[in-house]
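J.: My questions concern the predicted model and sequence given below.
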2 protein chains.
Amino acid sequence: MSKAKGSRTERELLHLFWEAGHFCLRVAGSGSMPFPCPDLLAGRGGRSFAIECKSGKQGRRYITEQQVNELKEFAKGFGAEPWLAMRFDREGWKFLKPEQLGRNGGKHFFISKDLCQEQGITFEQLLASRKPSGKM
Amino acid sequence: MSKAKGSRTERELLHLFWEAGHFCLRVAGSGSMPFPCPDLLAGRGGRSFAIECKSGKQGRRYITEQQVNELKEFAKGFGAEPWLAMRFDREGWKFLKPEQLGRNGGKHFFISKDLCQEQGITFEQLLASRKPSGKM
């Protein structure tokens, strides 16, 4: 995936959040900062989401264990929920929690179309979902 | 103030937060987005700050009423505290709450050196301060 395409899909999701009445921001240099950072932060009424965006044509998209841990830590610092947002070409966004990611024995986690189909929730479902209680 | 200088001072503050053990991010295109956005978001242990950064040599720096309202609204959406961060040349950062800004009769708020001196708190004081209870 090109950097430009990644930014484009991030902006697409940013607009979806704004249109749904949520505040949302893109993190400057999220992929190149010396600090762990997600791609987007969205919030409304005090509930907020720290989101790592992935997009691609097909197949699997990999995420390292370190990236997943950093997303979770970052989210915790902000009192936000950590989410992975996946956008396969010609399909809508699907959202997965870190613990729903696939794992293939090694240090890498992955997202696939099957996984999105089976476990992912849509944008509308994410907004309609309840804020998890207690520790995230 | 040039855009490059503004970005430089924002990054300076970003690093201060990271060095102090806080998560912090710069908002991509904060000044040019079609949506209200602060410059920085910082957080730790669930307490977070939405920060509009200003810098300059001397004199007053102006902020419109709309910008102040947007900062407050945005912060509320994320459950964050709204703060103005001011960095005069050769002086340290001073932090002011929206209600501490100066006002000159019109629609504009301002920050001045005197105001920073009288009402502003330092970076260390900000981190040591208590999270306000109740509605922000």
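T.: Okay, I see it. Numbering: from 1, shown residues only, chains lettered A, B, ... in the order given.
J.: all contacts plus neighbour counts: C-alpha atoms, from now on.
T.: OK.
J.: remind me which residues of chain A are low pLDDT?
T.: Where chain A drops to pLDDT under 70, the residues are A:1, A:31-34, A:134-136.
J.: So which residues of it form strands?
T.: Assigned by DSSP state E, chain A shows strands spanning A:23-26, A:40-44, A:47-56, A:61-64, A:81-88, A:93-96, A:102-103, A:108-111.
J.: The fifth one and chain B, any residue contact?
T.: No: looking at strand A:81-88 against chain B by Cα under 8 Å from any Cα of the partner chain, there are no contacts, and the closest approach is 11.0 Å.
J.: Show me which residues of chain A are close to chain B?
T.: A:22-23, A:25-29, A:37, A:42-48, A:74, A:76-80.
J.: Could you tell me the angle between the helix ranked longest in chain A and strand A:47-56?
T.: With secondary structure taken from DSSP state H, chain A has its longest helix at helix A:3-19. Helix A:3-19 runs at 150 degrees relative to strand A:47-56, counting by axes from the mean of the first three to the mean of the last three Cα atoms, to 10 degrees.
J.: quick revisit: buried ones among the residues of chain A next to chain B?
T.: Listed as buried from the residues of chain A next to chain B are A:22-23, A:25-29, A:37, A:42-44, A:47-48, A:74, A:76-80; burial here means 16 or more other Cα atoms under 10 Å in any protein chain shown.
J.: A:Ile63 and A:Phe109 touch, don't they?
T.: Yes: between A:Ile63 and A:Phe109 there is a contact at 5.1 Å, judged by Cα atoms under 8 Å.
J.: Who are the contact partners of the residue positioned nearest the centre of chain A?
T.: In chain A, the residue lying closest to the centroid (Cα atoms, centre = their mean) is A:Leu84, at 2.6 Å. By Cα atoms under 8 Å, 6 or more residues apart in numbering or on different chains, the contact set of A:Leu84 is A:Ile51, A:Glu52, A:Cys53, A:Lys54, A:Phe95, A:Leu96, A:Lys97, A:Pro98.
J.: Against chain B, how distant is it?
T.: 18 Å (Cα to the nearest Cα, to the nearest Å).
J.: residues contacting the residue of chain A most remote from its centre?
T.: With distances taken as Cα atoms, centre = their mean, the residue sitting farthest from the centre of chain A turns out to be A:Gly105, at 22.2 Å. By Cα under 8 Å, 6+ apart, no residues touch A:Gly105.
J.: same deal with A:Ile51?
T.: Contacts were defined as Cα under 8 Å, 6+ apart; by that measure A:Ile51 touches A:Pro38, A:Asp39, A:Leu40, A:Leu41, A:Ala42, A:Leu71, A:Pro82, A:Trp83, A:Leu84, A:Ala85.
J.: change it to 10 Å
T.: By Cα atoms under 10 Å, 6 or more residues apart in numbering or on different chains, the residues touching A:Ile51 are A:10, A:26, A:37-42, A:71-72, A:75, A:80-85, A:95-97.
J.: Could I get the phi/psi values of A:Lys107?
T.: Backbone torsions of A:Lys107, given as degrees, to the nearest 10, read phi -90, psi 0.
J.: Confirm for me that A:Asp114 is in contact with A:Met86.
T.: No: using Cα atoms under 10 Å, A:Asp114 makes no contact with A:Met86, being 11.9 Å away.
J.: re the thing from before, in terms of neighbours, single out the busier of A:Ile63 and A:Phe109.
T.: A:Phe109 (22 against 19; other Cα atoms under 10 Å in any protein chain shown).
J.: That concludes my questions; thank you for your assistance.
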